[in-house]
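**Student:** Please find the sequence and the predicted model below.
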Amino acid sequence: MPTWCPDLLTGVRARANTSIRASAGLTRDPPPMCNDPEEAYGDVYGVARLVHGELPSMLVGGLGSLFFQMLHPLAMAGVADHSRYQDDPLGRLLQTANFINATTYGTRSQARAAIERVLKVHDYVHGVSADGVAYDANDPHLLLWVHCAEISMFLSGYRRFGKRRLSDDEADQYVAEMMPLARDLGVLAPPATVAELDATLLSFRHELHLIPEGAVARDFIAYGLMKSRLQRVVYRLFVLSAWALLPRWAQATLGVRTNALADRLFIRPATHVVCALFRLAIPPVVQFARPSPPSTATT
């Protein structure tokens, strides 16, 4: 290979990295990771670092979490009344990414500061929905819905489009690793396993319906973010893949349809290709191997 080829490839990769991150609103490099188990907020050997450390599957899962969360009328009322998501959607995405980075890869002090910022914002998010029902962003029940919808989609996005396959035990571990964060945000009894997570989500089903503000948010997120033709094509793949992550009953409540055959033959394979290309430009976070305990064998 000519000596200029590695430099050319490095330059192309760097430009692609910058372009992809900018398209997703990630205009700044993330802060350095804390890899000291004594200082880190999360488990430095945990599954959360693996799941949250891969941008393309997190984008699919993040879209899925937004679509899922908007099905709760009180959660959506809070967003409609207090959020400027249509004015600065990428700015909101950056705030979310910064929060996930701080609580997944940051020190305890960095994570606590990020959590305190969220809690202060929540103090101002309260009101009455169009149906006359009071809502409060600090309501533990509503926080439980948001937490479960979010981690369910992050996990599903990684299990479908991530670089490596997660075992069922690793999936349970991910749910358990997210419990301390949920408690710090005000959730009283977060699920500890995937089975508990699925059961909790199902228990909310009777509360869910799409209010008019939710339909507006659904359509804006599905069609209103990307500008260039290439961005729109890739984004559309991610939206369709995000819808396919939702349970069938949630898709029906959201008012969207996914074609199982088209998903299996085209949407999912195409999304896998795009995710692989993303990983070439933005390598995933490498999971640390948990150190083995010292041997107690004697000679």
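**Tutor:** Looks like it came in fine.
**Student:** Every contact and neighbour count from this point should use C-alpha atoms.
**Tutor:** Fine.
**Student:** quick one: least confident helix or strand in this structure?
**Tutor:** Using mean pLDDT, DSSP states H and E, the weakest-scoring helix or strand in the chain turns out to be helix 4-23, at a mean of 46.
**Student:** Tell me, how many residues neighbour residue 73?
**Tutor:** Residues near residue 73, counting by other Cα atoms under 10 Å, number 23.
**Student:** Quick check: it touching residue 212?
**Tutor:** No: Residue 73 lies out of contact with residue 212 (Cα atoms under 8 Å); the separation is 9.4 Å.
**Student:** Pull the distance from the longest helix along the chain to the chain's centre.
**Tutor:** Identified as the longest helix of the chain according to DSSP state H is helix 140-161. Relative to the chain's own centre, helix 140-161 is displaced by 7 Å; criterion: Cα atoms, centre = their mean, to the nearest Å.
**Student:** Please name every helix or strand in contact with it.
**Tutor:** Secondary-structure packing of helix 140-161 (3 or more Cα pairs under 8 Å, 6 or more residues apart in numbering; DSSP states H and E): helix 47-52, helix 55-69, helix 73-82, helix 168-177, helix 179-185, helix 194-203, helix 229-245, helix 268-281.
**Student:** Residue 232: how many residues sit nearby?
**Tutor:** By other Cα under 10 Å, the residues close to residue 232 number 15.
**Student:** repeat for residue 101
**Tutor:** Around residue 101 there are 21 residues (other Cα under 10 Å).
**Student:** if I've got this straight, it is in a helix?
**Tutor:** Yes: assessed by DSSP: H, G, I helix; E, B strand; the rest coil, residue 101 belongs to a helix.
**Student:** Any stretches of this structure with poor pLDDT?
**Tutor:** In the predicted model, the chain carries pLDDT under 70 at residues 1-30, 90, 292-299.
**Student:** rerun at 50
**Tutor:** In the predicted model, the chain carries pLDDT under 50 at residues 1, 3-17, 20-21, 24-25, 299.
**Student:** Can you tell me how far residue 120 is from residue 178?
**Tutor:** For residue 120, the distance to residue 178 equals 21 Å [Cα to Cα, to the nearest Å].
**Student:** Name the surrounding residues that touch stretch 184-191.
**Tutor:** The contact list for stretch 184-191 (Cα atoms under 8 Å, 6 or more residues apart in numbering) reads 115, 119, 138-141, 143-144, 148, 175-176, 179, 182-183, 197, 200.
**Student:** And that stretch, what's buried?
**Tutor:** 185, 186, 187, 190, 191 (16 or more other Cα atoms under 10 Å).
**Student:** What of stretch 277-289?
**Tutor:** Neighbour-count burial for stretch 277-289, counted by 16+ other Cα under 10 Å, picks out 278, 279, 281, 282, 284.
**Student:** With stretch 200-214 instead?
**Tutor:** Under the neighbour-count criterion of 16+ other Cα under 10 Å, stretch 200-214 has 200, 201, 208, 209, 210, 211, 213, 214 buried.
**Student:** again, but for stretch 133-141
**Tutor:** The neighbour-count check on stretch 133-141 (16+ other Cα under 10 Å) flags 135, 136, 137, 138, 140, 141 as buried.
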